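Chemist: the following block contains a protein sequence and its predicted model.
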2 protein chains.
Amino acid sequence: MPRTPTLEDVATRAGVSTATVSRCLNMPEKVVEATRQRVMEAVEALGYAPNFSARALVAKRTLTIGAVIPTMENAIFAEGIQAFQDILQAAGYTLLIASSGYDPATEAEAIRTLVARGADGLLLIGFDRDPALYSFLDKQGIPAVVAWAYDAAGPLVSVGFDSRAAMHHLACHAIGLGHRHIGMISARQSGNDRARARVEGVTEAMRDAGLGAPVLEETDYGIEEGAAAFSRLLDRDPALTLVMCGNDVLAAGATRQAEQHGLSVPRDISLTGFDDLELARLVTPALTTVRVPHRAMGEAAARTILAALAGETPSARLLPTDIKLRESLGPPRA
Amino acid sequence: MPRTPTLEDVATRAGVSTATVSRCLNMPEKVVEATRQRVMEAVEALGYAPNFSARALVAKRTLTIGAVIPTMENAIFAEGIQAFQDILQAAGYTLLIASSGYDPATEAEAIRTLVARGADGLLLIGFDRDPALYSFLDKQGIPAVVAWAYDAAGPLVSVGFDSRAAMHHLACHAIGLGHRHIGMISARQSGNDRARARVEGVTEAMRDAGLGAPVLEETDYGIEEGAAAFSRLLDRDPALTLVMCGNDVLAAGATRQAEQHGLSVPRDISLTGFDDLELARLVTPALTTVRVPHRAMGEAAARTILAALAGETPSARLLPTDIKLRESLGPPRA
DNA sequence: GATTCTCTTGTAAGCGCTTACATCCCTCAA
DNA sequence: TTGAGGGATGTAAGCGCTTACAAGAGAATC
């Protein structure tokens, strides 16, 4: 196995010094045409690629941004992250993505890995994590921004939306339609402030209306999981006329399961989601859900981190959500 | 802004040499308990994180594998990549993912970036790319494996399935059902050998049966794109009784669009997909599709790359696909 | 008590690169 | 003809880390 070529190999082959080769690569206008040509030929012939580690070591910056997202398995974060990446790329940055599988320890590990790899900045989802991580980031002097959640007073700048208010709004609407027996399928609340806020939104709306708390099932993300949770909910309370889900994926599973139970949606039971993924329009009946401005959020997050990198002190941004009324929500059965 | 702490800072604070700190971190059993404790305290207090670039520079390996996938926006690669990552993680490797957006130039760029970042190995999707890239990888001595495609004689080891044969099989089945007017919605074929193979599979099956070529629409990935392509297809040939789609995402879009056109699937028109994503079971009617062993493929790809890293010369692996007959395919309308 | 062995820790080289500074050579004005 | 000025290139330091080797301190052996 041939040793991978270094700057020095190129320099020797081109008959110049390493400094000249380096200049050819980084500031081509600083070196005369003939030399540059010779160097470039050597680069080509050797299949030389600069060693990023060595470069990062001296340059103190990597033009890399890291993002730690809970999962890539479903589309919840895909669109926002794509937008985030688009803006970053245009600014010359590379995005490195790690996924935590909703596990705090894995997330902490991923954050440290990304920092160690010299990420110039970090994107995190939500605020729920060990405070030690915040002080770690602070000590490292690495700008980080939180997305998918909003807290003007949080330990990091954030770009997000108000899950609680959005869900509250949707629940109020459903209650207005006459629903009294409401169930909820939530993602695991531990370590997930978005999930918690959504449950709170529903709970408060019900309390305001003089109803008790929703019948709650907590589950992992996934269509199958949503389906199973729906069945459990129905077991616990057959009088339910509405099941609100913490996200569209769970709602899609619930929709499928309702069909299995021989229930017609929304005639026999209503269902709602959260996120407004493509999925929401695909299932039958189409899901009533909360529209989240994924793309705008990803872009805003990218701009925020770029601003922080430029030495500014960006402030938190709250983005509006709105309710998409589609077919899965109707009045309760008589 | 405080300079980010280095090994030396820790050493000074703990009153030892940098070598001792390094040992504490990498071979803790080599240093006596009391010293280790002192060092660890300093590490903690300073929020020290080892500089990955410096470490990689001397260690000549990064325990990092890079993967360049065409897209993260939909679930096509998610499950396979997740399995790939699981195996890698268990072996102590970190996975870095880049997406190319199905653009060859972006892909080449991503490959070079990953190599420069010291990826010890690479996962690529399909074989279609500039041969210069293969010789580049060869010169760099970086083991790479191709997944989602299979070619025992290809320039790189591969772990995949036979798209052409699978699609051929499915098309034969449909022809057996009586379909004569077949349309096809394909992903862009340029630079995408899987897409091309699938079109070939259908074309051959039709030729074998004495039929002409399928009415073909090519489009970008996406539900909306699939829906639009379906409409175009119907415009071109209203006699179509079956539309075969290059993947489930396009088929899902087509399904939705059929409904818009007031067509009942499969009574008025049949539809098929490819991949067997969760999506396939979610849409109504459930999609007849080709089941791809995503998880097995991801795992096999990981094992293959690990073997290559261990100095072995792994051989290509062909994984079986099979046909999932569900509701979207029926006999042609009378 | 001298010798050897073992265990812990320190010293220092060097990974591949960038860049401040030094050097060289050529042009041009006086 | 000479010296200043300036552009192209070379020299070498040093980024933060790992690790071969050296050094020192006990413990064990004779």
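Modeler: In hand now; what should we look at?
Chemist: now the strands: where do they sit in the stretch 101-250 of chain A?
Modeler: A:121-125, A:144-147, A:157-160, A:182-187, A:215-219, A:242-245 (DSSP state E, counting those that start in this stretch).
Chemist: give the contact list for the residue in the stretch 151-300 of chain A that DNA strand D sits nearest to.
Modeler: The minimum distance from the stretch 151-300 of chain A to DNA strand D, using C-beta to the nearest atom of the strand, falls at A:L156 (24.1 Å). (C-beta placed from N, C-alpha, C; glycine too.) Contact partners of A:L156, counting by C-beta atoms under 8 Å, 6 or more residues apart in numbering or on different chains, are A:124, A:127, A:134, A:137, A:144-146.
Chemist: in the sheet, which residues pair with the nearest residue to A:A67 once chain neighbours are set aside? Tell me.
Modeler: Nearest residue to A:A67 in three dimensions, chain neighbours excluded: A:L123, at 4.0 Å (C-beta to C-beta, 6 or more residues apart in numbering or on different chains). Beta bridges link A:L123 to A:A67, A:V145, judged by DSSP bridges.
Chemist: what does the stretch 101-250 of chain A have sitting close to DNA strand C?
Modeler: Remark: no part of the stretch 101-250 of chain A is in contact with DNA strand C, using C-beta under 7 Å from any atom of the strand.
Chemist: what about the helices in the stretch 101-250 of chain A?
Modeler: A:104-116, A:131-140, A:163-176, A:193-208, A:223-236, A:248-260 (DSSP state H, counting those that start in this stretch).
Chemist: point out the most buried one among the ones you listed.
Modeler: Ranked by mean neighbour count, the helices of the stretch 101-250 of chain A are led by helix A:248-260 with a mean of 25 (mean count of other C-beta atoms under 10 Å in any protein chain shown).
Chemist: related to what we said a few turns ago, adding pLDDT, write the contacts of A:L156 out as a markdown table.
Modeler: Listed next are the contacts of A:L156 as a markdown table, based on pLDDT from 0 to 100:
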| residue | pLDDT |
| --- | --- |
| A:L124 | 97 |
| A:F127 | 96 |
| A:Y134 | 93 |
| A:L137 | 89 |
| A:A144 | 95 |
| A:V145 | 97 |
| A:V146 | 97 |
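Chemist: which single one of those residues is nearest to B:A187?
Modeler: B:A187 has its nearest neighbour among the contacts of A:L156 in A:L124, at 33.6 Å by C-beta to C-beta.
Chemist: didn't the closest one look like it was pressed against A:A110?
Modeler: No. Contact criterion C-beta atoms under 8 Å: A:L124 and A:A110 do not qualify, at 9.8 Å.
Chemist: quick revisit: okay, now the residue nearest to A:A67: neighbour count?
Modeler: Other residues within reach of A:L123, judged by other C-beta atoms under 10 Å in any protein chain shown, total 29.
Chemist: any idea how far DNA strand C is from it?
Modeler: 26 Å (C-beta to the nearest atom of the strand, to the nearest Å).
Chemist: same check on A:P5?
Modeler: A:P5 is 8 Å from DNA strand C, by C-beta to the nearest atom of the strand.
Chemist: which other residues reach stretch A:59-69?
Modeler: A:52, A:56, A:77, A:81, A:84, A:88, A:92-100, A:107, A:110-111, A:114-115, A:117-125, A:305, B:53.
Chemist: how about the residue of the stretch 51-200 of chain A found nearest chain B: what's its closest non-neighbour residue?
Modeler: Closest approach between the stretch 51-200 of chain A and chain B, counting by C-beta to the nearest C-beta: A:K139, at 3.2 Å. Among residues not flanking A:K139 along the chain, B:G47 sits closest, at 3.2 Å (C-beta to C-beta, 6+ apart).
Chemist: so what does the residue of the stretch 151-300 of chain A closest to DNA strand D look like in phi/psi?
Modeler: phi -140, psi 160 (degrees, to the nearest 10).
Chemist: and the residue of the stretch 1-150 of chain A closest to DNA strand C?
Modeler: For the stretch 1-150 of chain A, C-beta to the nearest atom of the strand, closest residue to DNA strand C: A:L7, 2.7 Å.
Chemist: interface residues of the stretch 1-150 of chain A facing DNA strand D?
Modeler: So far as C-beta under 7 Å from any atom of the strand goes, the stretch 1-150 of chain A lies against DNA strand D at A:15-20, A:23, A:30-32, A:34-35, A:54, A:57-58.
Chemist: got a winner among the residues you listed for most neighbours?
Modeler: When these are compared by neighbour count (other C-beta under 10 Å), A:T20 ends up highest, at 21 neighbours.
Chemist: that residue contacts A:R38, doesn't it?
Modeler: No. Judged on C-beta under 8 Å, A:T20 makes no contact with A:R38 at a distance of 9.6 Å.
Chemist: identify the contacts common to these two.
Modeler: Both A:T20 and A:R38 are in contact with A:A14, where contact means C-beta under 8 Å, 6+ apart.
Chemist: OK, contacts around A:Y150?
Modeler: A:158-162, A:316-319.
Chemist: repeat for A:A14
Modeler: A:A14 sits next to A:20-21, A:35, A:38-39, A:41-42 when contact means C-beta under 8 Å, 6+ apart.
Chemist: what sits closest to whichever residue of the stretch 201-334 of chain A sits closest to DNA strand C if chain neighbours are left out?
Modeler: Closest contact between the stretch 201-334 of chain A and DNA strand C, by C-beta to the nearest atom of the strand, is at A:L309 (16.8 Å). Spatial nearest neighbour of A:L309, excluding adjacent residues (C-beta to C-beta, 6+ apart): A:G121 at 5.7 Å.
Chemist: what does A:I69 give?
Modeler: A:F77 is the one closest to A:I69 (C-beta to C-beta, 6+ apart), at 4.7 Å.
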